[in-house]
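Colleague: When you get a sec, could you give me coordinates for this:
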Amino acid sequence: MHHLGQGLGSATDSVGDKRESGFAIKTHSRASHPREEEMSRKADILFVDEWLKSSCGNKFTSKTSHHSTTTSAKSIIQAWSHLRNTLQSTSSFNQHHLHQHLKTLLNSQTSLHVADPQAKLLLSILTSSNFSLSHESFPLCFKLLYIWIRKSTKPTKQTFDIIDSVVEFLSKLFLSSTSQIDFGNNHVLLFSEAILLLGAFSFVHSLSQNTKNLCLDILSRLLVEKCRFVCLFDELVPNVLAGIGYALSSSVNVHFVRLFDCLFKIWGKDDDGPRGSVVHGLMVLYLFDWVASNLINFGFLDKVSVLVRETFESFKENYASFAVFMSGVGVLRATDRYASSTGMKVDVLTRMRTSAILRVEALVSDLVSRTLRFRNSGNDLQDRLLLQCVTLGMTRTISFSNHSSLFVCLGLSLLTEILPLPRLYESVFELSPSSGGLKVNEIKEHLDNILFKEAGAVTGVFCNQYVLADEENKNIVENLIWEYCRDIYFGHRKVAMHLKGKEDELLTDFEKITESAFLMVVVFALAVTKHKLSSKFAQEIQTEVSLKILVSLSCVEYFRHVRLPEYMETIRKVIAGVNKNENACTFFVNSIPSYVDLTNGPGMIYSIAFLCELLVVLWFVFYKILCSSRPENQILLVQG
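Modeller: Alright, predicted model coming up:
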């Protein structure tokens, strides 16, 4: 199946901006994310926290925009000079000025180079007994030290001495019972920067094992005591995950199991903890891709075995299911790149891959079972999040070839999470009148959501999985799609009547979603047509499928704004099937709403528009019938 954009021809004016609708069909199982692919293949990513943010879209753009690269060299030199003067002349110490100089340096993170002498200066500021550093300045010093160690490509003895001193200071700060500073829970940024810095230190390959062990002692203590509280603040989650990722990739084994335990318990099932999101899921996916690649590259095969055992072979009920699923996809992405490995790695990679697939498929099977058994499970936020993550994970790995639950899961996600029109239609009327109904910004947020933007990629994987699924699950999903089409028809009539002239902007945004829904239905209908309208199936089945497709397309016909080759090919195939059976033609005509329903029901103007579009389909049907019954007209049909 080709890129659907090619099938749209030059009719972009009538469709609008397809980048906004996010609908472009991909045939391969992994969505195209060039930057992510390039970076995830490198074990030496400079700042893992920043990479995690950039890999998950623009969610953090506004929050990280302070990392400017426009700070002048003169300003940087002056800031370092002022910091040195602060240590030398404590009589003129000004807390505010020191904080501003630190911020000046931090604002040039991308271009800033921190050498060992500057790192030693930062250590002196942290440990100075001549003045008391404000709690707000601690995180800035930690961040600058993080920049220093991540950019130190050739550490020297002085580098290691500074690290030892910083870690000793952090030990006294966070572990010592005699620490003079009580941070409480009010300084979450400080804790997150400390977790990031300690993780980065533990990742320095030539650092002594004793110092690495002490780093991980402090880190694990912070994670156990502060992690879930820190992660209540969404913008700090990348710091925590990156710190854990560095620590997991360290050459020492201490606290390795506890690190996994802390990570998967961040988003627990209790109500007072952090709430997971799709963005968190994507960060876990890319983090485990990076960590697994590190462990394989560095030859830490014993740690690979522990990762497999703790993450996939001994799943714990208090672990966040979406995080475990995405960690599995991340591991599979890493193993995909080592498919041609030989030697000792083969057995380890095979176990790694097999265990990840089994855990992922088990999670999906349970999810599908719950969702189909309890159709109101859309209210379960944990299941909805897992469903969303399954969808995005499936577009980011080529490892799944044939698993019917994954196929059903993709179908459910398309209908309830990516293109959830029936639910959105209901929301217009469910909210109290005083709240003004569904807000414009709620629909706009959905249009900006990464799930909606990847509707085309998901549909491509969905249709590929359809071909591989068993017939029972094919039928389940087909019926869900055809029912969805009817729900859209009746729902949009009602909503359009309610919003027309009052909330035109909201109605326009609704129709951007219906546009993508139409394209999804057409592409799926074509896949069904190619599979079931063949000699492998009895004529009765072919006729029934043709009728269902024809009725379903007539329900969404109003949203067709361009000439699609996929649409025309589907129509031709199903009409040929209906044409052979007079009862089928009668059934299709009877499926048209009555004149009373069309003219007196809600959304009358849309019903009339629907009828006009439907007449086109009917004309096509009867024109085909007419031409097939008169030989001289068959020539005209071929020529036409």
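Colleague: gap between residue 293 and residue 330?
Modeller: Taking CB to CB, to the nearest Å as the measure, residue 293 falls 9 Å from residue 330. All C-beta atoms are positioned from the backbone trio N, CA, C, and that covers glycine.
Colleague: Looking at these two now, which is surrounded by more residues?
Modeller: Remark: of residue 293 and residue 330, residue 330 carries more neighbours, 27 against 22, as counted by other CB atoms under 10 Å.
Colleague: Need the pLDDT of the more buried one.
Modeller: Residue 330 is assigned a pLDDT of 96 by the prediction.
Colleague: so it touches residue 283, yeah?
Modeller: No: here residue 330 does not reach residue 283: they are 9.8 Å apart, not a contact under CB atoms under 8 Å.
Colleague: Where does the prediction get shaky in this structure?
Modeller: Flagging of the chain using pLDDT under 70 yields the residue ranges 1-44, 57-70, 90-92, 177-185, 270-271, 341-344, 375-379, 401, 431-439, 580-640.
Colleague: Kindly report the domain assignment for it.
Modeller: 155-175+183-266, 420-639 (automatic domain parsing).
Colleague: Highest mean neighbour count out of those domains?
Modeller: Stretch with highest mean neighbour count among the domains of the chain: domain 155-175+183-266 (a mean of 20; mean count of other CB atoms under 10 Å).
Colleague: mind listing what residue 477 touches?
Modeller: 407, 408, 411, 466, 469 (CB atoms under 8 Å, 6 or more residues apart in numbering).
Colleague: rerun at 6 Å
Modeller: 408, 411 (CB atoms under 6 Å, 6 or more residues apart in numbering).
Colleague: ok, so what distance separates it from residue 380?
Modeller: 21 Å.
Colleague: Helices along the stretch 101-250 of the chain, start to end?
Modeller: For the stretch 101-250 of the chain, applying DSSP state H, counting those that start in this stretch gives helices covering 116-127, 138-151, 157-174, 188-202, 209-230, 237-248.
Colleague: Adding distance to residue 309, write those out as CSV.
Modeller: Formatted as CSV, the helices of the stretch 101-250 of the chain follow (distance: least, CB to CB, whole Å):
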stretch, distance to residue 309
helix 116-127, 38
helix 138-151, 30
helix 157-174, 29
helix 188-202, 21
helix 209-230, 19
helix 237-248, 14
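Colleague: of all the ones you listed, which lies closest to residue 46?
Modeller: Of all the helices of the stretch 101-250 of the chain, helix 138-151 sits nearest to residue 46, with 5.7 Å by CB to CB.
Colleague: in that closest one, what counts as buried?
Modeller: 138-150 (16 or more other CB atoms under 10 Å).
Colleague: Dump it to CSV, keeping only the CA atoms.
Modeller: C-alpha atoms of helix 138-151 as CSV (Å, rounded to 0.1, in the frame of the first residue of the first chain):
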residue,chain,number,x,y,z
PHE,A,138,22.0,24.0,44.3
PRO,A,139,20.2,22.6,41.2
LEU,A,140,22.1,25.0,38.9
CYS,A,141,25.4,23.9,40.2
PHE,A,142,24.4,20.2,39.8
LYS,A,143,23.3,20.9,36.3
LEU,A,144,26.6,22.6,35.4
LEU,A,145,28.5,19.7,36.8
TYR,A,146,26.3,17.4,34.8
ILE,A,147,27.2,19.3,31.6
TRP,A,148,30.9,19.1,32.6
ILE,A,149,31.0,15.3,33.1
ARG,A,150,28.9,14.5,30.0
LYS,A,151,31.3,16.7,27.8
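Colleague: And the contacts of that helix?
Modeller: Taking CB under 6 Å, 6+ apart as the rule, helix 138-151 contacts 46, 102, 105-106, 109, 114, 119, 122, 126, 189-190, 193-194, 196-197, 200.
Colleague: Next secondary structure element downstream of the host helix or strand of residue 357?
Modeller: In the assignment (DSSP states H and E), residue 357 maps to helix 345-373. Note on helix 345-373: by DSSP H and E, the next helix or strand toward the C-terminus is helix 381-394.
Colleague: Just the residues contacting that next one, thanks.
Modeller: 276, 278, 281, 321-322, 325-326, 329, 364, 367, 377, 409, 413, 417, 451, 458, 461.
Colleague: Thank you kindly, that will do.
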